[in-house]
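**Q** give me coordinates for this.
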Amino acid sequence: LCGFNRSPKKTQRLAQETGLVPCESARQVAEQADVLVLGVKPQMLPDVLPLIAPAVTPKTLVVTIAAGKGFGFYASYLGDVPLVRVMPNICAQV
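**A** Take a look at the predicted model:
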């Protein structure tokens, strides 16, 4: 499991707390991922998707939690890749 946060301090903290392998960029995460979870705010997607697009292949399963963006939006950046949209629900319990 690897991850990246735009704040290097947060990336290191997450690595220490969870054991994930810290990456230096979102693209580096995408290059290593079989399943890529996009945990970014919807307004950040136009900045993030072009960075990871070269590393995402048709074999990469992309999971997004960003609300309000349809499949066509992602396809315009990533092409024809498997995509799962997961909607957060603050009322749900696990």
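**Q** can you pull out the strands in this structure?
**A** Per DSSP state E, the chain carries strands over the ranges 2-3, 21-22, 35-38, 61-64, 83-85.
**Q** how about the nearest residue to the most centrally placed residue in the chain, chain neighbours excluded?
**A** Nearest to the mean C-alpha position of the chain, by CA atoms, centre = their mean, lies residue 38 at 2.1 Å. The shortest distance from residue 38 to any non-neighbouring residue, by CB to CB, 6 or more residues apart in numbering, is to residue 64 (4.4 Å). Backbone N, C-alpha and C define where each C-beta goes, glycine included.
**Q** contacts only, for that neighbour.
**A** Applying CB atoms under 8 Å, 6 or more residues apart in numbering, we find residue 64 in contact with 37-38, 74, 83-86.
**Q** go with 7 Å
**A** Residue 64 makes contact with 38, 74, 83, 85-86, according to CB atoms under 7 Å, 6 or more residues apart in numbering.
**Q** want to throw those residues into CSV with distance to residue 21?
**A** Output for those, formatted as CSV (distance: CB to CB, whole Å):
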residue, distance to residue 21
38, 18
74, 25
83, 24
85, 26
86, 23
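**Q** now do the same end-to-end measure for stretch 7-27.
**A** 15 Å (CA to CA, to the nearest Å).
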